[in-house]
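S.K.: Here's my sequence, what's the structure:
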Amino acid sequence: MIDRFDHLVIRPADFERSLAFYRDTLGWPVVAQWGDEIEPRHAVLSGGAVKVVLAERAKGESPDTRPELRLDIHDVARRFALIPPGDHVVRAPDEDARGTRDFVVCDPDGNLIAFEEVHRSRA
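M.R.: Below is the predicted model of the structure:
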């Protein structure tokens, strides 16, 4: 089974400042956006072979939220079955509002690693 890098999620302290940095300073185009004044905003920026998702922090979310590595896999249930049970499992396989199935584990330093079935129709 191969786990391939898909994207890195960053939850910046200042969403607009970080968006300007990646878009204007690094020159990475915004390829997708969602969210509003009710739901946290997100922006997907493409640096070619690298995608970064800026995810606005939800109200009350801890400021020490770490980046989240997202891996592209083909079968969430099968991959999850290979993970031994334990407190490193943050979230068992689930489907979000966009229809993406994933699960999340945490390494010993608190870094999050998400395994997801990537929908090819999205950015």
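S.K.: now the strands: where do they sit in this structure?
M.R.: 4-10, 30-34, 42-46, 51-55, 68-73, 89-95, 101-106, 112-117 (DSSP state E).
S.K.: Take those and lay them out in a markdown table including mean pLDDT.
M.R.: Compiled in a markdown table, the strands of the chain are given as follows (pLDDT from 0 to 100):
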| stretch | mean pLDDT |
| --- | --- |
| strand 4-10 | 83 |
| strand 30-34 | 95 |
| strand 42-46 | 93 |
| strand 51-55 | 87 |
| strand 68-73 | 81 |
| strand 89-95 | 92 |
| strand 101-106 | 90 |
| strand 112-117 | 85 |
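S.K.: CSV please, covering those and showing mean neighbour count and distance to residue 62.
M.R.: Heads up, the C-betas are built off the backbone N, CA and C, glycines and all. Output for these, formatted as CSV (neighbours: other Cβ atoms under 10 Å; distance: least, Cβ to Cβ, whole Å):
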stretch, mean neighbour count, distance to residue 62
strand 4-10, 15, 14
strand 30-34, 13, 22
strand 42-46, 20, 18
strand 51-55, 20, 13
strand 68-73, 18, 13
strand 89-95, 13, 14
strand 101-106, 18, 14
strand 112-117, 19, 13
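S.K.: So what's the gap between stretch 78-98 and the chain middle?
M.R.: 15 Å (Cα atoms, centre = their mean, to the nearest Å).
S.K.: gap between the two ends of it?
M.R.: Terminal residues of stretch 78-98 lie 21 Å apart, using Cα to Cα, to the nearest Å.
S.K.: Can you tell me what sits against that stretch?
M.R.: 1, 3, 73, 76-77, 101-107, 112, 115, 119, 122 (Cβ atoms under 8 Å, 6 or more residues apart in numbering).
S.K.: between these, which is closest to residue 10?
M.R.: residue 112 (11.6 Å; Cβ to Cβ).
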